[in-house]
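>>> Generate coordinates for the sequence data below:
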Amino acid sequence: MGTYSVLIPANTAEVVLSMWGAGGAGTSVTNTQSSSNALMYPGGSGAYVSCPVNAPAGSTITLIVGGGGAIAGFNQKTANPIGGGGF
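Down below sits the predicted model:
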């Protein structure tokens, strides 16, 4: 997690950014309706995107890197969001 800057080298007009998002965390909830100890809810997969970006030589691209979802507490029905990435 954090902010990162990339200086575009000489003789460059375009770069292709390929980014993968972090997956979400899951949670578990006590199942009072059966003999099972807990129901497990896995987090979602992270996204993937790839795109060309106009980037003249000498310019700077700033990437803001977020984190994956935080694990929820036991019996908490919603996970704690983290996220926050982008460029």
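>>> Output the below-cut-off pLDDT ranges for the protein.
For the chain, the stretches with pLDDT under 70 are 27-39, 71-87.
>>> the helices in it, which residues?
With helices called from DSSP state H, the chain shows none.
>>> Residue 2: what's it in contact with?
When contacts are counted by C-beta atoms under 8 Å, 6 or more residues apart in numbering, residue 2 touches 64-65. For glycine as for every other residue, the C-beta is placed from the backbone atoms N, C-alpha and C.
>>> Show me what it is bridged to.
residue 65 (DSSP bridges).
>>> Offset the numbering so it begins at 155, please.
Yes, from this point I'll number from 155; that puts the last item at residue 156.
>>> how much space between it and residue 166?
24 Å (C-beta to C-beta, to the nearest Å).
>>> This protein: strands as residue ranges?
156-161, 168-174, 181-184, 192-195, 202-208, 214-219 (DSSP state E).
>>> The second one packs against which elements?
The one in question is strand 168-174. For strand 168-174, the contact count by 3 or more C-beta pairs under 8 Å, 6 or more residues apart in numbering; DSSP states H and E identifies strand 202-208 as packing neighbours.
>>> Show residues contacting the strand it packs on.
167-175, 215.
>>> out of everything not next to it in sequence, what's closest to residue 175?
residue 200 (3.5 Å; C-beta to C-beta, 6 or more residues apart in numbering).
>>> for the one you found, what are its contacts?
Neighbours of residue 200 in contact, by C-beta under 8 Å, 6+ apart: 174-178, 222.
>>> Around residue 180, count how many other residues there are.
If you count neighbours by other C-beta atoms under 10 Å, residue 180 ends up with 14.
>>> re earlier: include distance to residue 205 and neighbour count when you put the contacts of residue 200 into a markdown table, please.
Formatted as a markdown table, the contacts of residue 200 follow (distance: C-beta to C-beta, whole Å; neighbours: other C-beta atoms under 10 Å):
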| residue | distance to residue 205 | neighbour count |
| --- | --- | --- |
| 174 | 13 | 11 |
| 175 | 14 | 15 |
| 176 | 19 | 18 |
| 177 | 21 | 14 |
| 178 | 23 | 20 |
| 222 | 22 | 15 |
